[in-house]
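Provided below are the primary sequence and the corresponding predicted coordinates.
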Amino acid sequence: MKAKVHFTKMQGAGNDYIYVNTLLYNIANPEEAARVWSKPHTGIGSDGLVLIGEVDMPEADYSMRIFNADGSEAMMCGNASRCIGKYLYEKGITHKTDIRLLTKSGIKTLHLNVAHERVCSVTVDMSEPKLYNTRQFIGSDNRSEQLITLTADGEDWPGTFVSMGNPHFVIFTEKLNQIDIARIGNILEHHEAFPERCNIEFAQVMDNGHIRMRVWERGSGITMACGTGACATAVAAALTGRKGRESVIEMDGGNVTIKWDETNNHIYMTGPAEFVFEGEIELPDGEPPTN
Ligand SMILES: N[C@H](CCC[C@H](N)C(=O)O)C(=O)O
């Protein structure tokens, strides 16, 4: 009889993940679990898997590991960090409304906006954006010209490269609805300029001043929203003079508000987080029964 794992399905602006509390369940092969469980028909269906853990360090409270649907582990996930804040508070695991979350991209502080014991939204201090010339992405942090033109399928795609701990290439366009995101996004994700692959955002400034953004995520394909991608899009809009230091990013699954603080250079993202359902699932083949 294979061991079963209790999971919680959550979504932040439609970016949905399977959440497992590793205080209760240890998953020896999270890459495989993400690949198997994220599948829409034979699995739970999600953009990936998120493991919530405790930490034994004074400067952080909990930890997050995020795995894309293809099993690749990412450094950071903005939408999932908001959902973890709601998970920890509304499941009574913590009463704190300011939570320090350890990620592979450093410690991010979550501020829970609570009313009547419910987390209505979460503001995440996403730390500083890192601006690289894509071709020097590996290990360098030289600030250089940000606009880089890449060629995909015989077409030129000028964009801005911004890292939020994970890599993003933001392309502004006046015809967002005409772009074949599945085709172009997939080609650019694997472009030689990105040795670690890349998340690709397509954005258009709307008449109401908001930025409409659609995303092809590294390791997951088209998702309903990307939190780190929204941050990168807001930074790129400011860098290229399209917007100031505060933007509303409208994505397929919902909106987030991004502020790029002039005093500390940090990015603050505020957005929704929702429970979808709870469930149990067998560990994938090869997983030893653990807890
Ligand atoms: N696909 C991303 C990880 C998920 C980020 C996204 N879902 C977010 O909300 O930030 C990457 O490989 O860097």
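Perfect, thanks for sending it. Numbers count the residues shown, from 1 in each chain.

tell me where the model's unsure across the stretch 51-200 of the chain.
For the stretch 51-200 of the chain, applying pLDDT under 70 flags the ranges 132-146.

what does it put close to the ligand?
66, 68, 74, 77-79, 166, 199 (C-beta under 6 Å from any ligand atom). C-beta: built from backbone N, CA, C; applies to glycine.

hmm, try it at 8 Å
66, 68, 72, 74-81, 164, 166-168, 197, 199 (C-beta under 8 Å from any ligand atom).

now restrict these to buried residues only.
Among those, the ones that count as buried by 16 or more other C-beta atoms under 10 Å are 66, 68, 72, 74-81, 164, 166-168, 197, 199.

returning to what we had before: among the residues of the stretch 51-200 of the chain next to the ligand, which lie within helices?
78-81 (DSSP state H).

now the spatially most central residue of the chain: closest residue in space, sequence neighbours ignored.
Nearest residue to the geometric centre of the chain (C-alpha atoms, centre = their mean): Cys77, 3.0 Å. Excluding the flanking residues, the one nearest Cys77 by C-beta to C-beta, 6 or more residues apart in numbering is Ile66, at 4.1 Å.

ok, now which ones touch the one you found?
17, 48-50, 73-74, 76-77, 80, 103 (C-beta atoms under 8 Å, 6 or more residues apart in numbering).

identify each buried residue in stretch 10-26, please.
Applying 16+ other C-beta under 10 Å to stretch 10-26 flags 10-22, 25-26 as buried.

same deal with stretch 190-203?
The neighbour-count check on stretch 190-203 (16+ other C-beta under 10 Å) flags 191, 193-194, 197-203 as buried.

what do you get for stretch 30-46?
In stretch 30-46, counting by 16+ other C-beta under 10 Å, buried: 30-38, 43-44, 46.

and it, how far apart are its ends?
One end of stretch 30-46 sits 14 Å from the other (C-alpha to C-alpha, to the nearest Å).

how far off centre is the strand or helix carrying Met64?
Assigned by DSSP states H and E, Met64 falls within strand 62-68. Centroid separation for strand 62-68 versus its chain: 10 Å, with C-alpha atoms, centre = their mean, to the nearest Å.

before we move on, the earlier item: identify the bridge partners of the residue nearest to Cys77.
Counting by DSSP bridges, Ile66 is bridged to Val50, Ala74.

next, count neighbours for Ser220.
Per other C-beta atoms under 10 Å, the neighbour tally for Ser220 reads 23.

same thing with Asp207?
Asp207 is flanked by 5 other residues according to other C-beta under 10 Å.

would you agree it falls within a helix?
No - applying DSSP: H, G, I helix; E, B strand; the rest coil, one finds Asp207 to be coil, outside a helix.

now do the same contact list for it.
By C-beta under 8 Å, 6+ apart, Asp207 lies in contact with nothing.

equivalent analysis for Ser72, please.
By C-beta under 8 Å, 6+ apart, the residues touching Ser72 are 31, 197, 218-219.

check which helix or strand covers Glu278.
Secondary structure assigned from DSSP H and E places Glu278 in strand 274-282.

other SSEs contacting that strand?
Counting contacts by 3 or more C-beta pairs under 8 Å, 6 or more residues apart in numbering; DSSP states H and E, strand 274-282 packs against strand 4-12, helix 78-90.

rerun at 6 Å
Applying 3 or more C-beta pairs under 6 Å, 6 or more residues apart in numbering; DSSP states H and E, we find strand 274-282 packed against strand 4-12.

list of residues touching the strand it packs on?
Residues outside strand 4-12 that contact it (C-beta atoms under 6 Å, 6 or more residues apart in numbering): 18-20, 25, 79, 82-83, 273-283.

at 8 Å instead, please
For strand 4-12, using C-beta under 8 Å, 6+ apart, the contacting residues are 16-21, 24-25, 27, 37, 44, 46, 78-80, 82-83, 86-87, 224-225, 227, 253-254, 271-283.

tell me which residues in stretch 241-253 are buried?
Neighbour-count burial for stretch 241-253, with 16+ other C-beta under 10 Å as criterion, is recorded at 242-243, 247-251, 253.
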